[in-house]
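# Got a sequence here, can you build the structure:
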Amino acid sequence: MSRPVIGVIANSHLLNDTYAVQAVGDMNLEAIAAVCDALPIIVPALPDIVALPDLMNSFDGFIFPGGRPNVHPEEYGEEPTPAHGEFDRARDRLALPLIRACVEAGLPILGICRGFQEMNVAFGGSLYPEIRDLPGRDNHRMPPDGTIAEKFAMRHTISFTPGGVFHRLMGAEQVVTNSLHGQGIKTPGSRVVIEGWAPDQTPEAVHIADAPGFALGVQWHPEYQAGIDPVSRPLFAAFGDAATNWANGKRSPVRQIA
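So this is what the prediction gives:
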């Protein structure tokens, strides 16, 4: 039996400040191959050349990973400010409708960092441009200096809804994760159920209500050391199981997670 095929939505970059490229971090690809036992394929975030029906018919699941550009605030009815940072309008135009289409069809999706925020915006939610500027909130951004290990080091706890999807998936009501984001959920989308919070009450884990398939999002970066991290591994393993089921003509609703 062939492995399921997982599409990883790319981010746009300029190579040597000149040449436009689409790229995905190695960590995401390695996590999919090692933990999901799936074949990772980079999906260019170029909606003018990548059609949604083709994507839906070609993949068994999608990961919407993190990226430096943020979702444009026009997508949730606000004007851009310098605090909103950089944007990737092409990824907005691909990712947001693709998330909605996948949820409707039951095609498994996992949102990570920006992908977590995209899931919220896709269902009508809004974002804070800068969490650290809010009263009582912590600085969740990646440390500006240090090694990869130092930047992805465990930073804070996350508390899950007792008995919820993430509690059942992790086997714990509280876990410890890294933190590498500037923005965060302001108003949850109409079907976005928040199930995990940082100590400062920043939302960190969501699922899409009544989704016929796997539809989870996390604000942290589980792709780092996914094969050995006790929080990351069950998340990717469950996503991989859902993608395998999809490839075999089955469906894995979130509510079926033991």
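# low pLDDT regions in the protein?
1, 251-258 (pLDDT under 70).
# Which parts of it are strands?
For the chain, the strands defined by DSSP state E occupy 5-9, 11-15, 19-23, 39-43, 61-64, 109-112, 126-128, 156-160, 174-177, 184-187, 192-197, 203-208, 215-218.
# list the helices and strands the shortest one packs on?
Going back to what we said before, that points to strand 126-128. Contact here means 3 or more CB pairs under 8 Å, 6 or more residues apart in numbering; DSSP states H and E; on that basis strand 126-128 packs against helix 114-122, strand 184-187. Backbone N, C-alpha and C define where each C-beta goes, glycine included.
# Let's see that with 6 Å instead.
Under the contact definition 3 or more CB pairs under 6 Å, 6 or more residues apart in numbering; DSSP states H and E, strand 126-128 sits against strand 184-187.
# residues in contact with stretch 7-25?
For stretch 7-25, contacts defined as CB atoms under 6 Å, 6 or more residues apart in numbering pick out 28, 40-45, 59, 62-64, 67, 88, 95.
# again, 8 Å this time
Stretch 7-25 is contacted from outside by 28-29, 32, 40-46, 55, 58-59, 61-69, 88, 90-91, 94-95, 98, 115, 223, using CB atoms under 8 Å, 6 or more residues apart in numbering.
# Show the buried residues in those.
28-29, 32, 40, 43-45, 55, 59, 61-67, 69, 88, 90-91, 94-95, 98, 115, 223 (16 or more other CB atoms under 10 Å).
# which ones among the residues you listed are found in helices?
If you go by DSSP state H, those have Asn28, Leu29, Ile32, Leu55, Ala90, Arg91, Leu94, Ala95, Leu98, Gly115 in helices.
# Look up how far Val21 lies from Val121.
Separation of Val121 from Val21 (CB to CB, to the nearest Å): 25 Å.
# Then Gly213?
Taking CB to CB, one finds Gly213 at 31 Å from Val21.
# The two: who's more crowded?
Just comparing Gly213 and Val21: by other CB atoms under 10 Å the higher neighbour count belongs to Gly213, 23 against 12.
# Look up the closest residue to that one, ignoring the ones flanking it.
Excluding the flanking residues, the one nearest Gly213 by CB to CB, 6 or more residues apart in numbering is Gly106, at 3.3 Å.
# Got phi/psi on the one you found?
phi 90, psi 10 (degrees, to the nearest 10).
# Against Ala10, how distant is it?
Distance, Gly106 to Ala10, using CB to CB: 24 Å.
# go on, Thr18?
Thr18 is 18 Å from Ala10, by CB to CB.
# who has more neighbours, the two?
Taking other CB under 10 Å, Thr18 and Ala10 do not tie; Ala10 has more neighbours (23 against 6).
# who does the residue lying closest to the more buried one once chain neighbours are set aside bridge with?
In this structure, Ala10 finds its nearest non-sequential neighbour in Gln22, 3.9 Å apart by CB to CB, 6+ apart. Beta-bridge partners recorded for Gln22 (DSSP bridges): Ser12.
# ends of stretch 57-71, how far apart?
Using CA to CA, to the nearest Å, one end of stretch 57-71 lies 26 Å from the other.
# Over to stretch 212-221?
One end of stretch 212-221 sits 25 Å from the other (CA to CA).
# Adjust the sequence numbering to begin at 3 for everything that follows.
Sure thing, new numbering starts at 3, so read that last one as stretch 214-223.
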